[in-house]
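Colleague: predicted model, plus sequence, below.
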Amino acid sequence: MNKELFSYLFIIIALLVGALYYSNAIQSPIISTLNTVKTKYHNTTKYIGDTIDAHFYQVQEIKNLKLQLKQYEKNHLVMQELASELHDIYKIKNPKLHSNPQIELVRAISYEKFGDFNRVWMDIPEYNSSKIYGLTYKEYVAGIVINKNERPLALLNKDLKSAYAVTVGVQNAPGITHGNNGDQLVVNFIPAWFKIRPGDEVVTSGLDNTFIKGLKVGKVISVSSAQGYQTALIKPYYESNEPNFFYMIRSVR
């Protein structure tokens, strides 16, 4: 009797296994259920992993920001100390010596002429038409502001008449830069005894009373010599694609 029961059970199990193996109708719902379970499992483990990673990333990011803040605070204190020392030196050496540049945000209105992207009318309140002003964008020199028909007109760097005093390279070779109505600037009247190389940086000298000393203009592309002077071709940092707002230097000192 037991042998007969065992035989019946064996036959039923064999039929069930065969049905599962060969029948799509039976396999499909089982496989679908298993896939759903597996998907939920992987989604759950991924969510847990991402949450843990995000937590530790935020902790590390907070640590990094705190370190940067400490460094900025330190630098700020160092600058304050240097400013105090310079102030004391000025008082001792020359009571009349001072530095207090006046800088303000100004807005471009429109191009002077259609197709000339180097000349822009400016909106400048209390404009003094007898002066030439320096114009900057972020830390880069953008051009100058002159008077035309009693209105402030910005001559951006690449304009032929946008000229100001600069120094070139580590030797601070003096020169005068202006635009060429192209993609580069030109620095003229560099004395021949200075060594100028491609890659040298060009900055404002501050000696023309238009710009503060050390503002970035561009880098040297090439150098040529003629009549005792050198001429350097410059790739400017500022690109005047969308002139909008600038900072204008009303006074250097």
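Modeller: Ah, there it is.

Colleague: point out where this protein drops to low pLDDT.
Modeller: Along the chain, the model assigns pLDDT under 70 to residues 1-43, 45-46, 49-50, 53-57, 70-101, 253.

Colleague: kindly recompute the last result at 50.
Modeller: 27, 31 (pLDDT under 50).

Colleague: tell me where it has strands.
Modeller: Counting by DSSP state E, one finds strands in the chain at the ranges 102-111, 119-123, 133-137, 140-148, 151-156, 164-168, 173-179, 185-191, 201-204, 216-226, 229-236, 245-251.

Colleague: and those as JSON lines, adding mean neighbour count and distance to residue 62?
Modeller: Where you see a C-beta, it was placed from the backbone N, CA and C, and this is true even at glycine. Formatted as JSON lines, these follow (neighbours: other CB atoms under 10 Å; distance: least, CB to CB, whole Å):
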{"stretch": "strand 102-111", "mean neighbour count": "14", "distance to residue 62": "34"}
{"stretch": "strand 119-123", "mean neighbour count": "18", "distance to residue 62": "43"}
{"stretch": "strand 133-137", "mean neighbour count": "23", "distance to residue 62": "33"}
{"stretch": "strand 140-148", "mean neighbour count": "22", "distance to residue 62": "33"}
{"stretch": "strand 151-156", "mean neighbour count": "22", "distance to residue 62": "43"}
{"stretch": "strand 164-168", "mean neighbour count": "25", "distance to residue 62": "43"}
{"stretch": "strand 173-179", "mean neighbour count": "20", "distance to residue 62": "45"}
{"stretch": "strand 185-191", "mean neighbour count": "18", "distance to residue 62": "44"}
{"stretch": "strand 201-204", "mean neighbour count": "21", "distance to residue 62": "36"}
{"stretch": "strand 216-226", "mean neighbour count": "16", "distance to residue 62": "33"}
{"stretch": "strand 229-236", "mean neighbour count": "20", "distance to residue 62": "39"}
{"stretch": "strand 245-251", "mean neighbour count": "17", "distance to residue 62": "34"}
